[in-house]
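**Q** This is a predicted model, with the sequence first.
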Amino acid sequence: MELREINVVRKRASGRSLGVAVAYPSLYEAAVKSLSVQMLYFYLNSLEDVYAERLVLHRTSGPEPPARSLESGRPLRDFELILFSVHYEPDYVNIVRLLKAGGVPPLARDREQVVVVGGPPVIANPEPLSEIADVLVVGEIESTLPPLIEAALSHRGDKQGMLDELPPERGFYVPARGDERIVYSYP
């Protein structure tokens, strides 16, 4: 998909940059209208050691084509951190579709990349995604994104180390950790 929009960030990735996919499990037309996608995209690209690119589903009646970023065409599997912003429960199945189309195993236990999912339906009930997401955000972007990125930068290549650094009381639910209770975090 060729981008014809203003304010697209084309950031050159260096070997030390953390690659973050900002994925929206629906069509492009919905993604560009999502305030959370815009907040994630521009905040992440404002950070020196991070580059963020967007991925969306394609309008197709057949199998989903390979998932590649809108900005550079980078395959989803090449990003270290994959962030999904979800607005509706029916899009949960699209998370799986997008992961599969990107060559990323849909189950958390089977992959190296860290998949983080947040949004209103996740805050209401994170459990339906507990086998897919490594981290479920049960708080607001403004308060959870900085510590999430700090943990990702501090533990590059160490998925478990990153997950261990995300405290439940800050709005991070890590299902593999066996958190017995979910702590909601609001600024």
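**A** In hand now; what should we look at?
**Q** which residue is nearest the centroid of the protein?
**A** Leu83 (0.5 Å; CA atoms, centre = their mean).
**Q** Which secondary structure elements does the longest helix along the chain sit against?
**A** The residue-count maximum for a helix in the chain (DSSP state H) belongs to helix 141-154. Where contact means 3 or more CB pairs under 8 Å, 6 or more residues apart in numbering; DSSP states H and E, helix 141-154 is packed against strand 18-27, helix 35-45, strand 114-118, strand 135-137, helix 159-164, strand 172-173. (C-beta placed from N, C-alpha, C; glycine too.)
**Q** From the rest of the structure, what touches that helix?
**A** Applying CB atoms under 8 Å, 6 or more residues apart in numbering, the external contacts of helix 141-154 come out as 18, 20, 36, 39-40, 43-44, 47, 49-50, 80-81, 114, 116, 118, 135, 137, 161-162, 165-166, 170-172, 185-187.
**Q** Listing request: residues of the chain with sub-threshold pLDDT.
**A** 1-11, 13-15, 28, 61-62, 64, 179-181, 183-187 (pLDDT under 70).
**Q** quick revisit: which of the contacts of helix 141-154 are buried? Put it as a PyMOL command.
**A** In PyMOL, a selection of the buried entries from the contacts of helix 141-154 looks like this (16 or more other CB atoms under 10 Å):
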select buried, resi 18+20+36+40+43+44+47+50+80+81+114+116+118+135+137+162+165+166+170+171+172+185
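**Q** Which strand residues bridge Phe84?
**A** Ala23, Val117 (DSSP bridges).
**Q** doesn't Pro25 make contact with it?
**A** Yes: in terms of CB atoms under 8 Å, Phe84 counts as a neighbour of Pro25; the distance is 6.1 Å.
**Q** shared neighbours of the two, anything?
**A** Common neighbours of Phe84 and Pro25 (CB under 8 Å, 6+ apart) are Ile95, Leu98.
**Q** Report the contact partners of the closest residue to Val104 other than its chain neighbours.
**A** Excluding the flanking residues, the one nearest Val104 by CB to CB, 6 or more residues apart in numbering is Arg77, at 5.3 Å. Taking CB under 8 Å, 6+ apart as the criterion, Arg77 is in contact with Gly102, Gly103, Val104, Gln113.
**Q** returning to what we had before: with just CA atoms, put the longest helix of the chain into PDB.
**A** The C-alpha coordinates for helix 141-154 follow below in PDB (Å, rounded to 0.1, in the frame of the first residue of the first chain):
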ATOM      1  CA  ILE A 141      -1.500   4.900  27.300                       C
ATOM      2  CA  GLU A 142       0.000   8.000  29.000                       C
ATOM      3  CA  SER A 143       0.900   6.100  32.200                       C
ATOM      4  CA  THR A 144       1.900   2.700  30.800                       C
ATOM      5  CA  LEU A 145       3.800   3.400  27.600                       C
ATOM      6  CA  PRO A 146       6.900   5.000  29.100                       C
ATOM      7  CA  PRO A 147       7.700   2.100  31.500                       C
ATOM      8  CA  LEU A 148       6.800  -0.400  28.800                       C
ATOM      9  CA  ILE A 149       9.400   1.100  26.400                       C
ATOM     10  CA  GLU A 150      11.900   1.500  29.100                       C
ATOM     11  CA  ALA A 151      11.600  -2.200  30.000                       C
ATOM     12  CA  ALA A 152      11.900  -3.200  26.300                       C
ATOM     13  CA  LEU A 153      15.000  -1.100  25.800                       C
ATOM     14  CA  SER A 154      16.600  -2.400  29.000                       C
END
